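K.L.:
Have a look at this prediction, sequence included:
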Amino acid sequence: MTDREPFKLVPRDRQGSNSSLRYELSLLLRVREAFLVAIERGVEMKLEQRKDLLGLREMSREEIELILDTAIPMKDILKRDIKKVPTLRGKAMVTVFYENSTRTRTSFEIAGKYLSADTVNLAVSTSSVAKGESLRDTIKTIEVMGFDLMVIRHSMSGTAHYVARNTKMRVINAGDGANEHPTQALLDMFSIKEKKGSLENLKVAIVGDILHSRVARSNIYGLSKYGCEIRVVGPATLMPPEIEKLGVKRYHSLDRALEGVDVVNVLRIQKERQSTGLFPSLDEYANLYMLSSERLLRAKEDVMVLHPGPMNRGVEISSELADSATAVINEQVTNGVAVRMALLYLMMGGSKDEITN
């Protein structure tokens with residue numbers, strides 16, 4: 001535990017127009033309400049002990065609720081003509097992505113900028129990493145520049161945990177190998193709650209490459225805290241052994257798995273893994289597991305469809321369904337910005353006393 005306190009809320013020094021000040025005061029009051037509710041739920045002690053966001057497996061339901069509740073007023077900022085508040089002025093964050101990303105990296109960067117944090121993206125391919133610099137040395141170099149928070153993605157599971165143990169900066173895991181992708185699961189949960197009104201006891205089907213999916217794991221860890229019935233479905237070769245130990249139900253028939261579900265989360269088929277022969281062909285996969293409007297008739301009438309992106313249209317999801325009102329894929333991107341704004345606000349905000357007194 002460091003001498004810095006994580007997940008705290010604080011209004012920073014304010015400058016600008018009266019309307020901007022009034023809006024931020026309104027924002028802070030809404031976040032304050034979420035924070036006070038969290039305290040009543042007994043989450044305060046756990047938040048004080050958490051420096052980093054590395055995964056949802058060890059995170060409590062109360063902590064998740066605080067993040068989701070805080071994301072609501074953050075989303076309001078995105079609807080404004082001027083999408084900027086001075087809340088994190090004077091704070092600095094860096095994104096370090098060892099893997100390609102469009103949605104996650106960009107949404108973290110714009111989330112920081114909307115909150116007035118100084119945001120830097122380290123281009124790994126053109127950094128000293130290309131010259132052989134170790135991960136540990138890269139971390140220390142960034143740390144001594146004065147950054148408050150690092151967002152990191154890496155192809156190796158456990159990398160974010162290693163980084164967190166070796167830096168005083170706060171660390172957010174933006175995906176580590178096949179382990180976890182906590183912010184994707186949080187935005188998925190926010191999207192579900194926004195549409196359904198609650199996360200309680202829903203039936204959720206996760207379809208596709210469960211074996212290699214960090215998105216699937218984080219969703220399982222998060223949704224299971226709400227009593228959801230989680231069904232994982234895909235070819236046997238793309239299913240982890242003993243997946244049932246995570247409390248999920250395994251299916252190999254998509255049609256059976258869709259019966260009566262409230263939510264379907266479609267995972268990207270990683271074409272780069274096709275060379276390993278985990279399934280015969282993309283055409284055969286599409287024939288057995290591509291989600292379409294016709295297949296979706298087996299689900300509940302108000303079913304919603306999620307996809308973390310990028311999509312392989314015609315492989316894991318039909319274009320017609322992806323562009324329909326049933327799919328909330330573009331809304332997920334917007335919600336991703338709001339959720340990441342909430343995280344940055346809670347992790348870099350400061351002391352709760354300045355807002356709760």
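P.N.:
Received it, and whenever you're ready, just let me know what you need.
K.L.:
Pretty sure Ser213 sits against Leu267.
P.N.:
Yes. Contact between Ser213 and Leu267 holds when scored by C-beta atoms under 8 Å: they sit 5.1 Å apart. C-betas here are computed from N, CA, C, even on glycine.
K.L.:
Identify the contacts common to the two.
P.N.:
Listed as contacting both Ser213 and Leu267 by C-beta atoms under 8 Å, 6 or more residues apart in numbering are Ile206.
K.L.:
which parts of stretch 112-125 are buried?
P.N.:
Judged by neighbour count (16 or more other C-beta atoms under 10 Å), stretch 112-125 contains these buried residues: 112-119, 122, 124.
K.L.:
likewise stretch 255-263?
P.N.:
Neighbour-count burial for stretch 255-263 [16+ other C-beta under 10 Å]: 257-258, 261-263.
K.L.:
all strands of this structure, in order?
P.N.:
Taking DSSP state E, the strands of the chain run over residues 92-97, 118-122, 149-154, 170-176, 203-207, 229-233, 249-251, 263-266, 304-306.
K.L.:
any residues touching the first one, and which ones?
P.N.:
Where contact means C-beta under 8 Å, 6+ apart, the residues beyond strand 92-97 that reach it are 104-105, 108-109, 112, 117-122, 124, 138, 142, 146-153, 174, 344, 348.
K.L.:
quick one, what contacts Lys156?
P.N.:
Just so we're on the same page, residue 156 is Met rather than Lys. So Met156 contacts 176-177 (C-beta under 8 Å, 6+ apart).
K.L.:
make it 10 Å
P.N.:
98, 135, 162, 176-179 (C-beta atoms under 10 Å, 6 or more residues apart in numbering).
K.L.:
can you check Ile192 too?
P.N.:
By C-beta under 10 Å, 6+ apart, the contact list for Ile192 reads 68, 198-199, 202, 204, 219, 223, 226, 228, 262-263, 265, 304, 306, 328, 332, 335.
K.L.:
Can you give me the distance of Thr138 to Ser128?
P.N.:
Distance, Thr138 to Ser128, using C-beta to C-beta, to the nearest Å: 7 Å.
K.L.:
tell me, what's touching the two both at once?
P.N.:
Taking C-beta under 10 Å, 6+ apart as the contact rule, Thr138 and Ser128 both touch Leu122.
K.L.:
Between those two, tell me which one has more neighbours.
P.N.:
Neighbours were counted for Thr138 and for Ser128 using other C-beta atoms under 10 Å; Thr138 has more, 19 against 13.
K.L.:
How about that one: what's its closest non-neighbour residue?
P.N.:
Nearest non-adjacent residue to Thr138, counting by C-beta to C-beta, 6 or more residues apart in numbering: Val129, 6.1 Å away.
K.L.:
per-residue pLDDT, that neighbour?
P.N.:
At Val129, the pLDDT value in this model is 79.
K.L.:
these two touch, right, it and Leu122?
P.N.:
Yes. Applying C-beta atoms under 10 Å, one finds Val129 in contact with Leu122, separated by 8.6 Å.
K.L.:
tell me the pLDDT at Lys196?
P.N.:
We have a pLDDT of 98 for Lys196.
K.L.:
Any idea how many residues pack against the residue nearest to Ser319 when sequence neighbours are not counted?
P.N.:
In this structure, Ser319 finds its nearest non-sequential neighbour in Arg313, 4.6 Å apart by C-beta to C-beta, 6+ apart. Residues near Arg313, counting by other C-beta under 10 Å, number 14.
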